[in-house]
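Colleague: Starting from these lines, generate the structure:
(one chain, ligands or ions: 1)
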Amino acid sequence: MKLFSEMMAGQTLLPIIQADSVAQGVAIAGAMAEAGLKVVEVVLRSDASLKALTAIKQQYPELIVGAGTVLDTEILAQALDAKADYIVTPCVTPDLLAALASSGVPAIPGVANCADIALARDAGFREVKLFPASLAGGIPFLKAVSSVFRDISFCPTGGINADNCGDFLALPNVIAVGGTWVAKKDWVEAENWQAITDACRDAIG
Ligand code: 3PG
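Modeller: Numbers count the residues shown, from 1 in each chain. Okay, the predicted model is just below:
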């Protein structure tokens, strides 16, 4: 099984797709692909999310499409059924970690403190999501844990934006940053796909 970082292949932005319909999801993914992104995350927060994930994979076979907001093993099973290429969770439980470890796809479990990191580490993970990054200690937290969890790398998500993403990415224990700021709901509602492409370009530029 590939590591998340191997799958990212140098992409430092993990852009989040929040889709209220299949068409919306496909259009957002298209705008992200237009910016040159290869890996996108569809968060499973609406009735349309799983169908949107499948449709994005059909429409853009070159994209690596993950499922996010995977809260438990039931949602994980649905995401794997929908052929999600990788998994992102906002939290950890022993059951979820065990299922992620045997899922056969790359995964970053979501941690918010040292106990969560230790749980994920015990389950074999060395790459995790920090969520919600800005509230869970942000940059000072990531610096503090770097000397203790020397083998752990992070994808901070939650409160990342155009102003602070560079500071997070400058940390040696950060692989990539994730977030919704590159596909704001207002832009999606206005079908302003160009704004999404521009924001993604800015973030990776
Ligand atoms: C997530 O699912 O990781 C968060 O919704 C991302 O947080 P953000 O909306 O602050 O980017």
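
Colleague: Residue numbers of the chain in contact with the ligand?
Modeller: Residues of the chain lying near the ligand by CB under 6 Å from any ligand atom: 16, 43, 68-69, 131, 157-160, 178-181. (C-beta placed from N, C-alpha, C; glycine too.)

Colleague: residue contacts, the residue of the chain at minimum distance from the ligand?
Modeller: Proximity of the chain to the ligand (CB to the nearest ligand atom) peaks at residue 179, 3.2 Å away. Residues in contact with residue 179 (CB atoms under 8 Å, 6 or more residues apart in numbering) are 14-16, 157-161, 165.

Colleague: again, only using 6 Å
Modeller: If you count contacts by CB atoms under 6 Å, 6 or more residues apart in numbering, residue 179 has them with 157, 160.

Colleague: and it, what are its bridge partners?
Modeller: Beta-bridge pairing for residue 179 (DSSP bridges): residue 15.

Colleague: ok, back up a step: include pLDDT when you put the residues of the chain next to the ligand into a markdown table, please.
Modeller: Formatted as a markdown table, the residues of the chain next to the ligand follow (pLDDT from 0 to 100):
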| residue | pLDDT |
| --- | --- |
| 16 | 98 |
| 43 | 98 |
| 68 | 98 |
| 69 | 98 |
| 131 | 98 |
| 157 | 98 |
| 158 | 98 |
| 159 | 97 |
| 160 | 98 |
| 178 | 98 |
| 179 | 98 |
| 180 | 98 |
| 181 | 98 |
